[in-house]
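# predicted coordinates and the sequence they were generated for:
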Amino acid sequence: MFHHNTAAMTNRIRILLVDDDLKNSMLLKRFIEAEGYEVTYANNGRVGLELYAASKPDLILLDINMPEMDGFELARKIRASDKRVIIFFLTDRTEKDDRLLGFSLRGNDYIPKPFYPEELIARINERFENHIISQDTEYLIGDILFRPNLATVTCHGETHSLSVRQAEILQLLAENKGKMVERTMILEQVWGDASYANSLALNVQISYLRRILSDPAVTITSVKKRGYILAD
């Protein structure tokens, strides 16, 4: 029984699988999709780079030995402009120098082949379990897509990362869009207490959020000494 609702489907974590072994990749793709992830497949590094730009994945599963562009070269190109995306190298090249090169390219994990699909799924789930608030938590604020599970805001194809605190503040405001959220409530929920120092820190974070919410229709209005209202 397929029971994802449409809100959940738009929010699924996106994975790009880049590997020239078509048969095993198709099995792996089905296995990962059965866990509720969205998977795009590329059969070589060059296609992988194109699909990376098009699909904006949250995680890349990257084989190393591939025609047209190997996994290390692809990771190097992606890391030149994207430090956020998670990269897992999948490879039968397990020599120490290869592993060190993988980590120097800011690979987040290095999984030797052959591996059990269950082992890979466990590592993917572990990587995202701290981020996932719920399957369908996603907010559209004006033209801005806010994904609290990944702490990102995206507007017109440009994505910015938020700190954990900024994401928590924005989620409180987004949940109550159009209504005032009390300062004291934000301070208690995000910092744990409403001290003067934390109150000053909240002012700074609100200023940052105003700068990063780049749709001019979106506003965070201060209600003097009482709270904030997010509107679009």
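All right, it came through fine.

# CA atoms for contacts and neighbours, from now on please.
Will do.

# packing partners for the helix or strand where Gln166 lies?
In this assignment (DSSP states H and E), Gln166 forms part of helix 164-175. Here helix 164-175 touches helix 183-190, helix 196-212, strand 227-231, going by 3 or more Cα pairs under 8 Å, 6 or more residues apart in numbering; DSSP states H and E.

# can you list the ones you listed in CSV and add mean neighbour count?
Compiled in CSV, those are given as follows (neighbours: other Cα atoms under 10 Å):
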stretch, mean neighbour count
helix 183-190, 17
helix 196-212, 14
strand 227-231, 19
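
# looking at those, which is nearest to Ser104?
Taking Cα to Cα, helix 196-212 is the member of the helices and strands packed on helix 164-175 nearest to Ser104, at 30.1 Å.

# what residues are up against Leu51?
By Cα atoms under 8 Å, 6 or more residues apart in numbering, the contact list for Leu51 reads Leu16, Thr40, Ala42.

# wait, is it part of a helix?
Yes. Per DSSP: H, G, I helix; E, B strand; the rest coil, Leu51 lies within a helix segment.

# pLDDT below threshold where in this structure?
Where the chain drops to pLDDT under 70, the residues are 1-11, 94, 129-136.

# which SS state does the most centrally placed residue in the chain fall under?
Nearest to the geometric centre of the chain sits Leu150, at 3.9 Å (Cα atoms, centre = their mean). Assigned by three-state DSSP, the conformation of Leu150 is coil.

# mind checking how far it is from Gly71?
24 Å (Cα to Cα, to the nearest Å).
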